[in-house]
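In: sequence-free structure coming up:
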């Protein structure tokens, strides 16, 4: 085909020119793209090693590099192999899932156990609860946290109350719902939500959010085997971004326990999911200013581990809580109220919550919306300087 | 025993082939026949399909107990006597318990006037290992599965002898030993559960179905559509029974739907469906027997829509005279007369068969007996307290987390300081007996 010949109204020569030009454009840094999440992150290695205090491995050297997606796949494979009455299902699960978390499982275990469901979240969770009542271990998937709301009635009114209202004769413990969660860079209203606060208000549910592949595999296995129903939110932005050397064997990480990631004496930083990365970066920035931070990953949002947070705040006297979801009546609000109750006289400053704003999750404005490391760092400085900036009037009686 | 013939799979396949030849899309004999997908007949005639076959309602006998076809007589004397006794027990128990509510001795009750046949007949037609998942107007079914009027009243009041320890409002029956899955007050939410449980029975290759009851009002809920679609698309051994009794609280069926009832929706979702006279015990028996066989053959769900009439109020919180005025009742009279009373129809049939002499007298006498027993039960339940208040904080999780333990402690301290502020005399001082230690209350 000669370069002078045309396809429609554009010549092949022109097409080549256009392609070369766009390739140059594509090489420009991410700053140019309107939907990026702001300035590129600090060069920091977020990969972790196994916390041997918590996880006792039989073969500690047998590790495999996995991202969160692969860790989920590995955990599901482990469960499907060990428990012949376990099932993985949801929308598009059969071919591997829109995030490729269930790749290969249908080929391995068959369409009775790993299957597509029709497009109905209320159907998926209702169906899963019926299976749990019949003694199975159903592991349904909700494709996006934003779409969990049609199933809200089933979760709040049926799943959460199953054990209670039958006085223990039945329970929904076999049910573990996996759901994607949180900001992804370009998700907008309906692919970015962090709905854990809506569920935190429901007694009977357990909510778990991991930060990296090692945590994901251990927490997911614990959640599936827990005698209570669990909603497991997976931060989708970390599906491929977060990589660790994950133990190949079957291991569990305890639920209802927070983890102290680094010890410090000036300020306690509390977060979960993708926010942990922002906290780590903010802590590094603060370290250069001489502030020693203690970072806690909450992990189980409900029932949350008050003891670990309380112990840390009594040591540091300052608490900063962060989460992506809106600040009003978010998870941070409950924890702040409880810590105020328990650590009032130990606090050097009011508890700070650096969270999303009270707006629907915005599309192009995402870099302004998210509680990033700059907002966290700023808030940390304010907390450290609180007593210097405020005159305390002591009334003598 | 019950003998029933069912057209086997082979005959069904021939019928489907004939239907296909005449351009009718056959429902596959086993679920999800791949020939039904991506293969369409095209037509050059543009025609909106604005009419369908009008579903007839199946009845096996008339109001006087005359059977239309011998093959519908699948109930033997023992089974039908048990069904009749149970229907009479149900009706008398309802009358007594409604009066208890008027006396303020219980807080809430729901009666089942004219729908007493549905529960026992379906119970008799299915196998003992089959499970049930109810909405709320199916005491007949749980009675067939083993509940007694005494246990029902204890559950209504929520006493120490209630299996569910008074945790939830009445009719949340749940008992794994008797195959009753947990219900709830939410309308329609159990339909998806029944689809899931039926699926579990299928993939575990169990000879077991789950029967799910709901009213025609529930068929408007989103859960109904999700549940039916899941059951037929994924293949669940579920029998959906829609009790179409004409009213959802005050909403008559002409404010509830515009289609031809609920059975055509079953067809739309890919499952065989039938409309059955809900006051005809033999019709329900026969149709359910066929339905169960069909479910096990095609490994997919089946729907039965029963047509009856809600003779009483929705519940003790409802006064149906407010919306079922004299004019409305006059308009409904032809329908109500056409379906009659299941107790009368069954006793007339049994009298014709020679299994019951003076059936009217028998029913009256038996009813008086039941009434006396229920009044005794009421006295016993009056004297039985609610479980210990500590039960309120148990069972939220398998093991209570710190915050519930903290709340328990706070409440206990408060009650100890101010016992006069709480109705402690109505609550037991003893820790609650766990279910497995309870014997069946006859």
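Out: Received the coordinates, thanks. Quick caveat, the model's predicted, so the values are computed rather than measured.

In: ok, residues contacting the helix or strand hosting residue A:108?
Out: Residue A:108 belongs to helix A:105-109 when assigned by DSSP states H and E. Residues from elsewhere that reach helix A:105-109, judged by C-beta atoms under 8 Å, 6 or more residues apart in numbering or on different chains: A:73, A:76-77, A:80, A:88, A:93-96, A:114-115. The C-beta positions use only the backbone N, C-alpha and C, and glycine is treated the same way.

In: what mean pLDDT would you report for it?
Out: Averaged across helix A:105-109, the pLDDT comes to 96.

In: before we move on, back to that, which among the contacts of helix A:105-109 end up buried?
Out: Buried by 16 or more other C-beta atoms under 10 Å in any protein chain shown: A:73, A:76-77, A:80, A:88, A:93-94, A:96, A:114-115, out of these.

In: from those, which ones fall inside strands?
Out: The subset of the buried ones among the contacts of helix A:105-109 located in strands under the criterion DSSP state E comprises A:88, A:114-115.

In: Specify which member of those residues is nearest to chain B.
Out: For these, the closest approach to chain B (C-beta to the nearest C-beta) belongs to residue A:115, at 6.8 Å.

In: hang on, isn't the closest one packed against residue A:92?
Out: No. Residue A:115 sits out of contact with residue A:92 when judged by C-beta atoms under 8 Å, with a separation of 10.8 Å.

In: If we ignore the residues flanking it in sequence, what's nearest residue B:303?
Out: Excluding the flanking residues, the one nearest residue B:303 by C-beta to C-beta, 6 or more residues apart in numbering or on different chains is residue B:266, at 3.4 Å.

In: which residues touch stretch A:326-340?
Out: Stretch A:326-340 has contacts (C-beta under 8 Å, 6+ apart) with A:196-197, A:200, A:270, A:298, A:301, A:304, A:306, A:309-310, A:313, A:319, A:321-323, A:325, A:347, A:351, A:353, A:355-359.

In: OK, contacts around residue 175?
Out: If you meant another chain, say so; for now it's chain A. Applying C-beta under 8 Å, 6+ apart to residue A:175 gives the contacts A:128-129, A:131-132, A:138, A:140, A:159, A:229-230.

In: Chain B is the one I meant
Out: Residue B:175 makes contact with A:169, B:147, B:163 under the criterion C-beta under 8 Å, 6+ apart.

In: Kindly indicate which of those lies nearest residue B:259.
Out: residue B:147 (34.9 Å; C-beta to C-beta).

In: would you list every one of the helices in the stretch 101-250 of chain A?
Out: A:105-109, A:121-133, A:152-153, A:162-165, A:196-200, A:213-225, A:238-241 (DSSP state H, counting those that start in this stretch).

In: so does the fourth one get close to chain B?
Out: By that I understand helix A:162-165. Yes. Remark: helix A:162-165 sits within contact range of chain B at A:162-165, by C-beta under 8 Å from any C-beta of the partner chain.

In: Show me what that helix is packed up against.
Out: Helix A:162-165 sits against helix A:121-133, with contacts defined as 3 or more C-beta pairs under 8 Å, 6 or more residues apart in numbering or on different chains; DSSP states H and E.

In: What mean pLDDT does the helix it packs on get?
Out: So the average pLDDT for helix A:121-133 ends up being 98.

In: The nearest residue to residue B:257 once chain neighbours are set aside: how many residues sit nearby?
Out: What sits nearest to residue B:257 in space, not counting adjacent residues and going by C-beta to C-beta, 6+ apart, is residue B:220, at 6.7 Å. The number of residues packed near residue B:220 is 16, by other C-beta atoms under 10 Å in any protein chain shown.

In: residue contacts, residue B:220?
Out: By C-beta under 8 Å, 6+ apart, the contact set of residue B:220 is B:188, B:256-257.

In: ok, what's across the strand from the nearest residue to residue A:200 once chain neighbours are set aside?
Out: Of all residues not flanking residue A:200 in the chain, residue A:302 sits nearest, at 4.9 Å (C-beta to C-beta, 6+ apart). Counting by DSSP bridges, residue A:302 is bridged to residue A:207.

In: Starting from residue B:335, give me the distance back to residue A:302.
Out: For residue A:302, the distance to residue B:335 (C-beta to C-beta, to the nearest Å) stands at 51 Å.

In: These two: who's more crowded?
Out: Neighbour totals were compared for residue A:302 and residue B:335, and residue A:302 leads with 25 against 11 (other C-beta under 10 Å).

In: name the element residue A:324 belongs to?
Out: Assigned by DSSP H and E, residue A:324 belongs to strand A:319-326.

In: Could you tell me which strands that strand is paired with, and in which direction each runs?
Out: Here strand A:319-326 is paired, per DSSP bridges, with strand A:267-271 (parallel), strand A:352-356 (parallel).

In: contacting residues around the last one?
Out: Residues from elsewhere that reach strand A:352-356 (C-beta under 8 Å, 6+ apart): A:194, A:319-327, A:330, A:332-333, A:336, A:369-371, A:375-376, A:379, A:382-383.

In: Filter the residues you listed down to the buried ones, PyMOL style.
Out: Applying 16+ other C-beta under 10 Å to the contacts of strand A:352-356, the buried members can be selected in PyMOL as follows:
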select buried, chain A and resi 194+319+320+321+322+323+324+325+326+327+330+332+333+336+369+370+371+375+376+379+383
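
In: Show me what from the stretch 151-300 of chain B comes close to chain A.
Out: Within the stretch 151-300 of chain B, the positions adjacent to chain A are B:163-165, B:167-168, B:172, B:174-176, B:181-182, B:184, B:186, B:189, B:191-201, B:203-204, B:210, B:222-223, B:225-227, B:229-230, B:233-234 by C-beta under 8 Å from any C-beta.

In: now the stretch 1-150 of chain B
Out: The stretch 1-150 of chain B comes close to chain A at residues residue B:133, as judged by C-beta under 8 Å from any C-beta.

In: can you pull out the helices in the stretch 1-150 of chain B?
Out: In the stretch 1-150 of chain B, the helices defined using DSSP H, counting those that start in this stretch lie at B:9-21, B:77-102, B:118-125, B:139-144, B:149-157.

In: possible to save those helices as JSON lines with mean neighbour count?
Out: Compiled in JSON lines, these are given as follows (neighbours: other C-beta atoms under 10 Å in any protein chain shown):
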{"stretch": "helix B:9-21", "mean neighbour count": "13"}
{"stretch": "helix B:77-102", "mean neighbour count": "20"}
{"stretch": "helix B:118-125", "mean neighbour count": "28"}
{"stretch": "helix B:139-144", "mean neighbour count": "24"}
{"stretch": "helix B:149-157", "mean neighbour count": "23"}
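
In: possible to save those helices as TSV with mean pLDDT?
Out: Output for the helices of the stretch 1-150 of chain B, formatted as TSV (pLDDT from 0 to 100):
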stretch	mean pLDDT
helix B:9-21	59
helix B:77-102	97
helix B:118-125	98
helix B:139-144	95
helix B:149-157	94
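
In: With respect to residue B:286, which of those lies nearest?
Out: Counting by C-beta to C-beta, residue B:286 lies closest to helix B:118-125 out of these; the figure is 7.8 Å.

In: Helices along the stretch 201-350 of chain B, start to end?
Out: Ranges of helices within the stretch 201-350 of chain B are B:222-234, B:263-268, B:281-298, B:326-339, B:342-353, based on DSSP H, counting those that start in this stretch.

In: Could you give the average pLDDT over the first one?
Out: Mean pLDDT, computed over helix B:222-234, is 97.

In: now do the longest one
Out: The average pLDDT for helix B:281-298 rounds to 97.

In: With the second one instead?
Out: Helix B:263-268 comes out with an average pLDDT of 95.

In: again, but for the last one
Out: If you average the pLDDT over helix B:342-353, you get 97.

In: Show me which residues of it are buried.
Out: Buried residues in helix B:342-353 (16+ other C-beta under 10 Å): B:342-351.
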